[in-house]
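**Q** give me a model of this one.
(chains A and B)
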2 protein chains.
Amino acid sequence: MGVEIERKFLVPEGGSVPDGREFEVRQGYLVLGPEGAEARVRRQGEECSLTVKRGAGLVRGEWETPLSAEQFADLWPATEHARVDKTRRVVPLGPHEAVVDTYRGRLAGLRTAEVEFTDPEAAAAFTPPPWFGAEVTDRPEFKNQRLATADAPPLP
Amino acid sequence: MGVEIERKFLVPEGGSVPDGREFEVRQGYLVLGPEGAEARVRRQGEECSLTVKRGAGLVRGEWETPLSAEQFADLWPATEHARVDKTRRVVPLGPHEAVVDTYRGRLAGLRTAEVEFTDPEAAAAFTPPPWFGAEVTDRPEFKNQRLATADAPPLP
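**A** Numbering: from 1, shown residues only, chains lettered A, B, ... in the order given. Predicted coordinates:
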């Protein structure tokens, strides 16, 4: 089991985001459980994967395995109720990196940045760069699960 | 998407169950969602698989993909909260077959039979053989999900 410690911020639409490698991400939830439990499939560029998460807040349990394109195709139809399409850019940020997601489709207009940390102390010590907007780590309407089932982007 | 139509019965412990091919089944739930939604992994003999189900009652949506032993090993630790070990015997039953599960571990003493049908009419027309006990299709405490998290076998 990996443990995920991350903070999430809005990135204002008008602002300019530094360069970074970019790819298309398509993800869908197989099952959304209580207390943030989820099983989801993702295609990121050419790579497919299945991820299971459990627990909420700053620290979550996470398990992952790679999927073949055929396995992804078997499971994708099960995600019809909860899907997200976005363009992901990974921006180096000193010792960290910001994963900047620009949403497409019904969530168009939303842009977020997530930063992952190895321990809670590093998470607490992190100073957001000027191009980050408001922090939404603890705002339920910006959780990935909620975004996947939302009709429209949440209000900032 | 496949649609699953099945009925479930108890099989009294004393009674004799007809012969059939038999194998060990180990299954664990990655995520248990609302209204019977679930993602689970299973090892049945040498075959591993991932199954997603959604919906409750007689008719459920179901999606499945085979897993390699490595993928199963990646995901199995995520199921620690909800696992079931059982010996499965598949007994021919005229045009149908009965999948008879004898549970091990904390569910020892429980034995069930499931019969799957291609349509609701066939399900309604089915006459259980004399070695079947009470029907539990609609009893929530006998759902696979509940069994996986139960401390002890439910009362008949």
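**Q** ok, which residues in chain A are in contact with chain B?
**A** Applying Cβ under 8 Å from any Cβ of the partner chain, one finds that chain A approaches chain B through A:1, A:30-34, A:37-39, A:50, A:52, A:54, A:61, A:63-67, A:70-71, A:74-75, A:77-78, A:81. For every residue, glycine as well, the C-beta is placed using N, CA and C.
**Q** how does it look with 6 Å?
**A** Counting by Cβ under 6 Å from any Cβ of the partner chain, chain A comes close to chain B at A:1, A:30-33, A:37, A:39, A:52, A:63, A:65, A:71, A:74-75, A:77-78.
**Q** A:Gly45 - nearest residue in space that isn't next to it in sequence?
**A** Take A:Gly45 and drop its neighbours on the chain: the residue closest to it by Cβ to Cβ, 6 or more residues apart in numbering or on different chains is A:Phe23, 4.2 Å away.
**Q** please name the residues that touch that neighbour.
**A** A:Gln44, A:Gly45, A:Arg88 (Cβ atoms under 6 Å, 6 or more residues apart in numbering or on different chains).
**Q** on that earlier part again, which members of the residues of chain A next to chain B are positioned in helices?
**A** When DSSP state H is applied, these are split such that A:Gln71, A:Asp74, A:Leu75 fall in helices.
**Q** from B:Val115, how far off is the last one?
**A** Taking Cβ to Cβ, to the nearest Å as the criterion, A:Leu75 is separated from B:Val115 by 27 Å.
**Q** thinking again about what came up before, report the buried members of the residues of chain A next to chain B.
**A** When the residues of chain A next to chain B are checked for burial by 16 or more other Cβ atoms under 10 Å in any protein chain shown, the buried set is A:30-33, A:37, A:39, A:52, A:63, A:65, A:71, A:74-75, A:78.
**Q** and what about the residue lying closest to A:Pro12 once chain neighbours are set aside, helix, strand or coil?
**A** Excluding its sequence neighbours, the residue lying closest to A:Pro12 (Cβ to Cβ, 6+ apart) is A:Gly133, at 4.8 Å. Three-state call for A:Gly133 (DSSP: H, G, I helix; E, B strand; the rest coil): coil.
**Q** fine, thanks again, bye for now.
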